[in-house]
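> Based on what follows, work out the 3D shape:
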Amino acid sequence: MKRCICIVAASVLQVCAVSDLELINAQSAYDDGITGSGIKVGIIDGAVRSDHPSLSGKLIEQIYSKDKYGAYTPDFTIDTHGSHVAGIMAGKYINASNPYGVAYDASIYAAQITGHNNIGTLTPPNIYDFFVDKDVSVINNSWNANMYPIVSMQGSTYYVKSLSSRDANFFIRQAYGNSKPSENLSRLSRDKNTLVVFAAGNEGIVSPGLFGTLPYYDESFRSWLVVGALDSANISKDSNGKIIISSKGSPEFSNGLKGTQNYSLVAPGTNINNVNSPYMIRPSFGRVDRNLYTKKSGTSMAAPMVSGAAALVAQKFPFLNGKEIADVLLSTANRDYQAPKVVIKETNGLDSDRNSPYFGTKRNYYAIFYIDNPIPRKDDGSIDKDQINIDLMSAGYDRALVAGLSQLNNIKYPTLSSHVLVDGGYAAVWEIKKEDMFGQGILDVKKAMGGLSVLDANRLSHSDIVQNYKQESSAVYYKLDTKGMDAEFSNDISQRKWDSSTHNAGALNLPIGLADLNVGFIKNGNGVLKLTGENSYLGATIVRQGGLNISKRADQSGGFISSNVYVENTASLSGDGVIDRNLYNDGIVRPGNQDLSDLTVNGTYEQSSAGTLQLDFGDKKNSKLIAANYNIQGKLEYIPLPAFYTSGSYVSIDLGGLKAHLNDFSNVAVVGNNAINFIAVLDEDKTSINKPDLPQLDINEQDKDNAADQKPDQNPDPILPEPDKDPNPSNPVHPIEPAPKPSDKEDNISGPTQDEVNKPDQNQDKNPDSNNNLIVTPTIKPDAYNRPNSDIGAALREIRSMANLDKRYKDYFAFLDNADSKNFDKALKTMESIDYMSNTAQIVNGHHQFNQNSMLFALNPTSQGLSLARNFETEPILLASLASDIAIDLGINSYDEKRYIWYMSPSYKKINGDNYSGKSYGLNFTIGAKPSDNSQLTFNTSYLESKLNFEDSNSKSKYVNFGSNYILDLDSVKVLSGASLGFGRNTMQRGLLGSSEILSGSYNNFLASAEFGLAKDLKINSFTITPLSYFSYSYIFQDSFNESGNVFAKSYDKIRHDSTSITAGINLSYDLDKFDVNTKLSGFVIYEYRLSGKDLKNRVKFRDFQNQTFTQRYALNRDLVYLGFSSQFDYTNSFFMRFDLINEIAKDQYNFNILANLGFKF
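Next comes the predicted model:
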């Protein structure tokens, strides 16, 4: 048995009532950003042309079959099918005018199994090995076999009665024996749950080809779909949007889906315009084809429509496996269509009737199908041919075709003159259900983006049955693992019970025991699944892991569960929907969506001792769990929603129907947030406080006059807060205590006085039954907002407690108090922001970078600022300096009696800190002289620019340095000395997490430094070893400055800081004196230890709160190590140049320097 490609010649283009993409509702997915991005799809077909403009960059990998010459070589003037199919599935989006794939951003793995010649000798590649580790979501197969076992057809014109008695194993063997790829696909479907999509075939048979029927014979195949074709040109919509399929909307070539309705659907497959693989390829004969695209028809074109849609579903719901993707596509397929009354199917094949005059010749054969309508019959029960003719003409079929059908006479294959089954064979006229022709319905991408729509028992197995779960009768359950991801299923979800008429009673792995069982839903895995539809399935809803949210849509529809709901002890339930029956809580139930809405239970809310009920509250109201009955144990927790709660004021919580059941909870508590503890005060009945006239907190009304002229911070979504799975990372739980006396209040809280509370013009508690309320008092934690090495926390607590606080600050404190732990710490860090101190430390570093170049020896132009080694008594010495990469080049030389020198040094530095990075550029100019034979003196100036990038800020600096160095050679030792001054201008910008405002400022620096030390040269042949040590002193002055910006802009005091350090090191150099150009290689290591001034300190205050000052501290590096390598070249014409690489290593940073020096001695 050979394989056949499902493709027919393109027909004449007709005016479309509905376009292909309109019919499948694809645009809505694109509008939501679902395009197949990040999804990998597979295709098994003919070769795919990877350099076609619509496929360029799309193929990740393609493998080929082998023929007698080796690997198959495609000829894309003939091998056109695979490229066209690939383009429909995942062709690139070039522009709206050109065709593109359904999943146009998906990537493709391709396997070629069909070819243009010697097809019988091709050995296909191992499909399983190729795809098993590729993480493809779907594999498209626009090919099939010409056996149609469900209707006992062997080939398109041979009815074989014996096929009807063959068992399932026979057809599985037939499939595997005639197609190794189909066996490999079966393994992928089973082992990897990869979705396999097959084209039904183009022979006009009422049932698909063999490979599309495998799940009919083995029900373990659930990741398997088969696809029939539609003609969009003959489909329209009525005024209500209902799809009307005309008779010609079901193309004559497309096979039907009889026997496969549980895993089949239809999609456009006629005159589909897509990739033309011969584009711009010169053929052996004829002209170059300059058409980018071409039209083809067949179920081969419909299948990749579905495969592309599967890729979109995989992107929208990345936790779904292949079987679940198929469930979504099948359950959301459009069933709300009007099927045609009658259709004709056409096939072409050899006349198999030996008694026919046409025996052995090719002929067109036809079958007629009445869909959900009886075959017309006369009073005597015979078929009414005249009425059939009328029906066909009414359906729009060609008059000549209808007349021809009436005249043909072939008793072996159906024609209109053969209205009886021959030998129990394939009928001429059929009466079928619409599912036999269209499967589960028409592909609907828009609805598929809403997730599951039906829990279908016919796609479940015996292992999905759960017997006697708690109060439930036996049911079969659809289990879904969200794998730590959040998602929303917005469709109404119904159930479909087991229908034995749609199954093969002799199928392998046929589920048993599912008859008459309702279908339930089990939520597994971390992550929250949101259900917003009218969910009418009757089996229980069980939340085993993660969260389930039952919520209404924006229009207040949906959010309904008809069954009992069970929340197990590792799971949670939330939402503002309605549970029509009972809710059983062994885990966590949190009504609402953190928006103070309510969850309604029309039956009983039952909570075990392991369960927790969490109710949100805000400044004016709280969420409630409203039930007809309560059976309570376990815990009750009240959780504050993000808002600004005034310390010391009162928040009233409505207990609702829980009033009578508070004593049934084992514990009732109020959860705090990052900065606020909420102290609940109740009488012994746990339902009221002895202050029935206490006001409810009305934050929005407070300070309205004060905030009226202030621009509120409308966008607290700034330096973006990072997501955290823990919404309340530092929320202590405070048990409810007896009511305090009216004088009981915390000393450090500036809340309302009792007189203020009782003022008649304040917002009184208008609840007539005050006993339904409890009162909580927000109080600031004593350690709220604390930061290491800073007293900013105390300042923030004082600000947080202020009366008449501006709304901008209330909004920010609301964000800060309720942020997760990661964003809370980050927000405090950005608020404190000592990045400017890091910049100051780097300015000192740059200042000493200047010193290194300024300490040139005066007379010898071959000596350079970073070299610590010299030829004995004639080469320079290098010193390192404070907090920097500074090395001082010292030496005396009377070489050639040159007494003057100048040079310039461009430099580049890459800065890498623990929490910042940056770079600097500079240029140094030096001139020097020898005042005496044993001394040298230099004067230097430099300009440097640097930029530092921190996580939440950046700094830019420009500064100028001036310096002088003097070296005295006492023969036995060198005396080193130097001094320098620097002036800098700095600008900084920083963000505040939770605010869209940028804070900025500018300030000046002044720096001064001095060095004094000793060095000694030790000569061993061409090597020179130079130990050295020196003492350094530096002084830093930084101007006070103010930031501009919105909330929490700061004022910074002046900085005056001095420090000392001791440095020791050694240098090794090697002198190559054998060439016209004198060359010296050297390397050094220097260690610097800071003796004093190890910490920078500064007093800071917030500009809007001048009395709230705090101290900021920054630890300078105590230990620094410098490693360097240099090469210098001295020319006989008195020019010299040198190249240096220097590494700076400290506890919290690593810097890398490159210097080049060019100079002249005279």
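> only C-alpha atoms for contact and neighbour calcs from this point on.
OK.
> Check the protein for its longest helix and report it.
helix 835-854 (DSSP state H).
> any idea which helix or strand comes after that one?
strand 900-913 (DSSP states H and E).
> And the contacts of that following strand?
853, 858-861, 917-930, 1148-1162 (C-alpha atoms under 8 Å, 6 or more residues apart in numbering).
> Return a PyMOL selection command for the buried portion of those.
In PyMOL, this line selects whichever of the contacts of strand 900-913 come out buried by 16 or more other C-alpha atoms under 10 Å:
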select buried, resi 853+858+859+860+861+917+918+919+920+921+922+923+924+925+926+927+928+929+930+1149+1150+1151+1152+1153+1154+1155+1156+1157+1158+1159+1160+1161+1162
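> Out of the contacts of strand 900-913, list just those in strands.
Counted as lying in strands by DSSP state E, out of these, are 917-930, 1149-1161.
> For the longest helix of the chain, name the packing helices and strands.
Contacts defined by 3 or more C-alpha pairs under 8 Å, 6 or more residues apart in numbering; DSSP states H and E place helix 835-854 against strand 916-932, strand 935-950, strand 953-969, strand 974-991.
> Now do the longest one against strand 935-950, angle only.
Angle of strand 974-991 versus strand 935-950, following axes from the mean of the first three to the mean of the last three C-alpha atoms, to 10 degrees, is 20 degrees.
> tell me the angle the helix or strand following strand 974-991 makes with strand 974-991.
Later in the chain than strand 974-991, the nearest helix or strand by DSSP H and E is strand 998-1015. Angle of strand 998-1015 versus strand 974-991, following the same axes, to 10 degrees, is 170 degrees.
> pLDDT of strand 998-1015, averaged?
The pLDDT scores in strand 998-1015 average 93.
> Give me the buried stretch members for the next helix or strand after it, please.
Following strand 998-1015 in sequence order, the next helix or strand is strand 1018-1020 (DSSP H and E). By neighbour count with 16+ other C-alpha under 10 Å, strand 1018-1020 contains the buried residues Leu1018.
> which other helices and strands contact strand 1018-1020?
With 3+ C-alpha pairs under 8 Å, 6+ apart as the test, strand 1018-1020 has strand 1023-1038 packed against it.
> helix or strand right after the strand it packs on?
Following strand 1023-1038 toward the C-terminus (DSSP H and E): strand 1041-1042.
> C-terminal to that next one, what's the next element?
Next helix or strand after strand 1041-1042 toward the C-terminus (DSSP H and E): strand 1050-1052.
> Quick one: list the elements packing against that next one.
Looks like strand 1050-1052 contacts strand 1041-1042, strand 1095-1102 (3+ C-alpha pairs under 8 Å, 6+ apart).
> So if we follow the domain assignment, how does this protein break up?
Per automatic domain parsing, the domain ranges recorded for the chain read 3-338, 342-433, 460-682, 835-1161.
> I'd like those as TSV, with distance to Leu828 appended.
Formatted as TSV, the domains of the chain follow (distance: least, C-alpha to C-alpha, whole Å):
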stretch	distance to Leu828
domain 3-338	35
domain 342-433	67
domain 460-682	11
domain 835-1161	8
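> Quick check: which of these is nearest to Pro778?
domain 460-682 (4.5 Å; C-alpha to C-alpha).
> what's the spacing between that closest one and its chain's center?
Centroid displacement of domain 460-682 relative to its chain, using C-alpha atoms, centre = their mean, to the nearest Å, is 27 Å.
> so what's the closest residue to Phe1105 other than its chain neighbours up against?
Of all residues not flanking Phe1105 in the chain, Ile799 sits nearest, at 7.6 Å (C-alpha to C-alpha, 6 or more residues apart in numbering). The contact partners of Ile799, taken as C-alpha under 8 Å, 6+ apart, are 805, 1105, 1108.
> Could you do Thr123 as well?
Counting by C-alpha under 8 Å, 6+ apart, the residues that Thr123 touches are 65-67, 113.
> Just the pLDDT at it, thanks.
In this prediction Thr123 is given a pLDDT of 92.
> For Ala111, see how far away it is.
12 Å (C-alpha to C-alpha, to the nearest Å).
> what touches both of the two?
Joint contacts of Thr123 and Ala111 (C-alpha under 8 Å, 6+ apart) are Ser65.
> re earlier: and Trp430, which of the helices and strands packed on strand 1050-1052 is closest to it?
strand 1095-1102 (85.6 Å).
> Give me the angle between the closest one and helix 835-854.
140 degrees.
> Mind listing what's buried along strand 1095-1102?
Those would be 1096-1098, 1100-1102, for strand 1095-1102 by 16+ other C-alpha under 10 Å.
> try stretch 1119-1126
1120-1126.
> Could you do stretch 826-839 as well?
Buried residues in stretch 826-839 (16+ other C-alpha under 10 Å): 826-833, 835-839.
> Let me know the secondary structure of the nearest residue to Gln27 once chain neighbours are set aside.
Spatial nearest neighbour of Gln27, chain neighbours left out: Leu21 (7.1 Å); criterion: C-alpha to C-alpha, 6+ apart. Here Leu21 is recorded as helix under DSSP: H, G, I helix; E, B strand; the rest coil.
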